[in-house]
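K.L.:
Sequence and predicted structure below; questions after.
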Amino acid sequence: MSDAALNPPAAQLRSKSTGRSKQKLLRLLLNIIVIAFLLGWLVPIVALFLSSVRPQADTATSGWWMAILRPDLSLANYGLALDQLRIAGSLGTSLAIAIPTTVLTVILSVIGAYALVRMKFAGRTALSLLLVALLVTPPQITLVPLLKLYNMVGLSGSIPGIWLYQVGFTLPFGVFLLRGFIASIPVELYESANLDGASELKTFTAIVLPLARPIMASLGIMAFLWSWNDLLIPLLFMGGSAMAAPITVNLAGLVAQTTQGQGPLMAATFLSVLIPLFLIISMQRYFVRGILGGAVKG
Amino acid sequence: MTDTLAFVPVLIAIGAIGIPVLTYVGLGLGEGILSLLPQGLSGSLRPWVWLSLPILLVLLILIYPIIVTLFTSLRDARGEGFVGGSNYLWAFSGTMMSILKNNIIWLIGFPAVTLVLSLATAVLFDKVKYEPVAMTVVILPTAISFTAGSVIWTQMYSFQPQGMTQIGTLNAIRSLFGLAPVPWLIAPVVNTLSLIFIAVWLQLGIATLILSSAIKNIGSEMLEAARLDGAGEWRIFRSMVLPNIVPSVMVVLTTMIIASLKVFDIVYVMTNGNFGTNVIANRLYYELFSANNLGHASAIAVILLVCALPVALINIFHFRAENKA
């Protein structure tokens, strides 16, 4: 009897300890799944890097993982990519497109967002709604008329033509992203500036620009990535240019012709992702903010 | 050409310094003129001085081309004679049907796979100590262009006939288990799904970020209380987490739907639309450049726009509700 009286707590204790070991097992399983997933997710990038440093003969006959099992590494592919595939020129052209596009997108977006939030005028709501609607416009709808227009005014094949397109196309997003932030600046700040007799331009440069710096960085990194990674627009509008083709256009062309082999192509591809990868790692905080702020919330 | 590199600094200086300075000077000039006008007039003109450049650009790059394309879609190959709806009839017949079928696979497959995977990553990452590292890993591919991503995945999908050494990652793994190699980019439907997975790899980070932030907004006290009451993790996910993140799930779905409408780069680089993988954005490129049929190209573009329209309307609806609240 006394045994029976003692039993229930003991049973409880046992079930608790089996529950704990079950929990431990679940934790282990969770960690295995997550780590396996992360390693798997990194495989393509690792494969790219390893293939870029393997001799051409190896790449053609065995998989990239043989570089780990039987290391025989060389930088010859990078030499070939820079010498024969015009990769340095392509990276230069891409920079000449992406940097001005980024700066101009950020500047015009902050000017537009400021006016849209701070100034009252007829049609303000309509304009905001139009911007929201334009957020999802597929670029394809603009191509036929703009190609004609660009050819007519001599903008095709020119880098400023690409700035114009990419800035115009990204502006609705930029204004939308900055709008929310600028609306959250306390009205008192503007009022005190007004009392001090600051002009509109002074208020803008002394109050809005410094406060909006982080969100402008968010827009900046996104605008840069979009511009740098864009294929369609430079493919269509850069034809006939004397400059080296932008990096995406160059890569896409190289895939089609296999004369150079996989090695130099992989080296060129690795070079093309270095700047974006560096940016996203060093500015991850701003990127995350841009993604979360740019999503139209339900 | 070697002179490219000489032009680069000049172009960057013009675009990233020159034009911004001019814009600022222009704003200053505009404000100067406004200050000469009577108060009421300057107040009502000011917004248009500030908005002039952004509005001009949006008009030129988005509004004007949309309107012209709508009209061109009713015209012939050269964009001249009026042909009524025949371009649209063409767009829904013959070879276009298989292309539209691929787009539907993209439209369903890409958002669905991304959503399921990102729900899993967002929930599981939330439970591990190294979450920031895990986040960084899934975000990394989002920095890579679709073009480079496609080149990268040629190494995953590479196919050699059975009996030869497989140098593609996936087929090498299959041969380890004694399975026959799969021609990932050639076998019908499998190839479109393989292309979709490249897009998933590239974009999963965005979906994970959105869902993860939504999950973190659910009060942890509520979840802890449920756990103490003995609710299982799956039950907690289904009846507490999921209902609370529906708006964010919608954001992920609409973002991915729009992305799958626009998909061009992956198909262009990987198969150029061969082996039955073509999608309408690539057919548009072909109509524009090889067939020189402006009417067909415009009709395809309008179809894309119409598909995006419901998402635009949903966004407008949410935007209005949010700004009234």
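P.N.:
Structure's in. What do you need?
K.L.:
so how far is the first residue of stretch A:47-64 from its last?
P.N.:
End-to-end distance of stretch A:47-64 (Cα to Cα, to the nearest Å): 6 Å.
K.L.:
Can you find the helix or strand in chain B with the smallest mean pLDDT?
P.N.:
helix B:220-228 (a mean of 84; mean pLDDT, DSSP states H and E).
K.L.:
Let me see the mean pLDDT of the helix or strand just after that one.
P.N.:
Sequence-wise, the next helix or strand downstream of helix B:220-228 (DSSP states H and E) is helix B:233-236. In this model, helix B:233-236 has a mean pLDDT of 87.
K.L.:
Show me what helix B:233-236 is packed up against.
P.N.:
Applying 3 or more Cβ pairs under 8 Å, 6 or more residues apart in numbering or on different chains; DSSP states H and E, one finds that helix B:233-236 contacts helix B:220-228. All C-beta spots, glycine's among them, are computed from the backbone N, C-alpha and C.
K.L.:
so what does the helix it packs on touch, helix or strand wise?
P.N.:
Right, helix B:220-228 is packed against helix B:233-236 by 3+ Cβ pairs under 8 Å, 6+ apart.
K.L.:
could you dump the helix it packs on to PDB, C-alpha only?
P.N.:
What follows is helix B:233-236, C-alpha atoms only, in PDB (Å, rounded to 0.1, in the frame of the first residue of the first chain):
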ATOM      1  CA  GLU B 233       4.800  22.400 -31.500                       C
ATOM      2  CA  TRP B 234       2.800  21.400 -34.500                       C
ATOM      3  CA  ARG B 235      -0.500  22.400 -32.900                       C
ATOM      4  CA  ILE B 236       1.100  25.700 -31.700                       C
END
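K.L.:
chain center to it, what's the gap?
P.N.:
Distance of helix B:233-236 from its chain centroid, counting by Cα atoms, centre = their mean, to the nearest Å, is 32 Å.
K.L.:
For it, buried residues please.
P.N.:
By 16 or more other Cβ atoms under 10 Å in any protein chain shown, the buried positions in helix B:233-236 come out as B:Ile236.
K.L.:
Same check on stretch A:44-64?
P.N.:
Result for stretch A:44-64 [16+ other Cβ under 10 Å]: buried residues A:44-45, A:47-54, A:56, A:58-59, A:62-64.
K.L.:
next one: stretch B:49-60
P.N.:
B:49-55, B:57-58, B:60.
K.L.:
restrict these to contacts with chain A.
P.N.:
B:50-51, B:53-55, B:57-58, B:60 (Cβ under 8 Å from any Cβ of the partner chain).
K.L.:
How about residue 75: what's its closest non-neighbour residue?
P.N.:
Just going to use chain A. Nearest residue to A:Leu75, sequence neighbours excluded (Cβ to Cβ, 6 or more residues apart in numbering or on different chains): A:Val53, at 6.6 Å.
K.L.:
please go with chain B instead
P.N.:
Nearest to B:Arg75 is B:Gly295, by Cβ to Cβ, 6+ apart, at 5.2 Å.
K.L.:
Looks like A:Thr137 contacts B:Leu309 (just checking).
P.N.:
No. Between A:Thr137 and B:Leu309 there is no contact under Cβ atoms under 8 Å: 10.0 Å.
K.L.:
Out of the buried residues of stretch A:44-64, name the ones that lie in helices.
P.N.:
Counting by DSSP state H, the part of those found in helices is A:44-45, A:47-52, A:56, A:58-59.
K.L.:
Which of the residues you listed sits closest to B:Ser44?
P.N.:
A:Ile45 (54.7 Å; Cβ to Cβ).
K.L.:
Look up the pLDDT of that closest one for me, please.
P.N.:
At A:Ile45, the predicted lDDT confidence score is 96.
K.L.:
how about it, what does it touch?
P.N.:
A:273, B:140-141, B:152 (Cβ atoms under 8 Å, 6 or more residues apart in numbering or on different chains).
K.L.:
any idea how far B:Gly168 is from B:Ile152?
P.N.:
Using Cβ to Cβ, to the nearest Å, B:Gly168 is found at 12 Å from B:Ile152.
K.L.:
same deal with B:Cys307?
P.N.:
B:Cys307 is 29 Å from B:Ile152, by Cβ to Cβ.
K.L.:
Compare the two and say which one has the larger neighbour count.
P.N.:
Neighbours were counted for B:Cys307 and for B:Ile152 using other Cβ atoms under 10 Å in any protein chain shown; B:Ile152 has more, 25 against 18.
K.L.:
could you point out which element follows the helix or strand encompassing the more buried one?
P.N.:
Per DSSP H and E, B:Ile152 falls inside helix B:146-157. Toward the C-terminus, helix B:146-157 is succeeded by helix B:169-176 as the next helix or strand (DSSP H and E).
K.L.:
The stretch 101-250 of chain A: helices as residue ranges?
P.N.:
A:124-134, A:143-153, A:159-183, A:187-195, A:200-203, A:209-211, A:213-229, A:232-237, A:247-256 (DSSP state H, counting those that start in this stretch).
K.L.:
elements contacting the second one?
P.N.:
What that stands for is helix A:143-153. Using 3+ Cβ pairs under 8 Å, 6+ apart, helix A:143-153 is in contact with helix A:232-237, helix B:64-72, helix B:280-289, helix B:294-324.
K.L.:
Just want the angle from the third one to helix B:294-324.
P.N.:
Think helix B:280-289. 140 degrees (axes from the mean of the first three to the mean of the last three Cα atoms, to 10 degrees).
K.L.:
how far does stretch A:56-65 sit from the chain's center?
P.N.:
31 Å.
K.L.:
again, but for stretch B:12-24
P.N.:
Distance, stretch centre to chain centre, for stretch B:12-24: 30 Å (Cα atoms, centre = their mean).
K.L.:
What are the buried residues along that stretch?
P.N.:
For stretch B:12-24, by 16+ other Cβ under 10 Å, it's B:12, B:14-16, B:19-20.
K.L.:
about what we covered before: quick one, which of the helices and strands packed on helix A:143-153 gets closest to B:Lys101.
P.N.:
B:Lys101 sits nearest to helix B:280-289 of all the helices and strands packed on helix A:143-153, at 10.7 Å, using Cβ to Cβ.
K.L.:
And the contacts of stretch A:90-107?
P.N.:
So stretch A:90-107 is contacted by A:159, A:162-163, A:166-167, A:170-171, A:174, A:216, A:219-220, A:223-224, A:227-228, A:234, A:243-250, A:271-272, A:275, B:4-5, B:7-8, B:11-12, B:14-16, B:19-20, B:23 (Cβ under 8 Å, 6+ apart).
K.L.:
any idea of the pLDDT on the residue in chain A positioned nearest to chain B?
P.N.:
Residue nearest to chain B within chain A (Cβ to the nearest Cβ): A:Pro100, separated by 2.3 Å. For A:Pro100, the pLDDT comes out at 98.
K.L.:
Please name the nearest non-neighbouring residue to it.
P.N.:
In space, and not counting its chain neighbours, A:Pro100 is closest to B:Gly15: 2.3 Å by Cβ to Cβ, 6+ apart.
K.L.:
Pick out the residue nearest the middle of chain A.
P.N.:
The residue lying closest to the centre of chain A (Cα atoms, centre = their mean) is A:Leu225, at 4.0 Å.
K.L.:
For it, list the residues it contacts.
P.N.:
So A:Leu225 contacts A:276, A:279-280, B:142-143 (Cβ under 8 Å, 6+ apart).
K.L.:
Would you mind confirming that A:Asn250 makes contact with A:Ala268?
P.N.:
Yes. With contact defined as Cβ under 8 Å, A:Asn250 reaches A:Ala268; the gap is 7.3 Å.
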